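Trainee: Any chance you could fold what I've pasted below:
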Amino acid sequence: MDADKQVCGREPDSQYVELAVEIFAMLADATRVRIIQALRDGERSVTELAEATGKAPTAVSQHLAKMRLARLVTTRQEGTRVFYRLANEHAARLVTDAIFQAEHSLGGTPRHHHGEPSGE
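Mentor: Okay, here's the model as predicted:
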């Protein structure tokens, strides 16, 4: 591939399609989706994320390790505590859009079309 050539990630033959599939695979887990929802408002510790997701801290830590490798989350250490935050706004947007799509699958007019607060 020509290094000077700009590649549009939205084209069907884009090199980014396979990477996007990897992101979707990473998000194909309810606990990880809940972690992203919990991180939308800012950073949290493993303990806080465990409480927010209803999962054991060890399980949340394992999910966070995978999410960190996928560059969905980043960390900040304060003493012995580690705080997690979203690496950028895109994961939260993907999850929000997936939730909105799920609302459509229930039929009728989804809540996000009524002008009500959507939790974003």
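
Trainee: Tell me, how many residues neighbour the nearest residue to residue 34 once chain neighbours are set aside?
Mentor: Closest residue in space to residue 34, ignoring its immediate chain neighbours: residue 53 at 4.4 Å, by C-beta to C-beta, 6 or more residues apart in numbering. In short, each C-beta sits where N, CA and C put it, glycine included. Residue 53 has 19 neighbours, counted by other C-beta atoms under 10 Å.

Trainee: ditto for residue 49
Mentor: 24.

Trainee: That one - nearest residue in space that isn't next to it in sequence?
Mentor: residue 60 (5.0 Å).

Trainee: hang on, isn't the one you found packed against residue 48?
Mentor: No. With contact defined as C-beta atoms under 8 Å, residue 60 does not count as touching residue 48 (9.5 Å).

Trainee: Any buried residues in stretch 54-74, and which?
Mentor: 55, 60, 63-64, 67, 70, 72-73 (16 or more other C-beta atoms under 10 Å).
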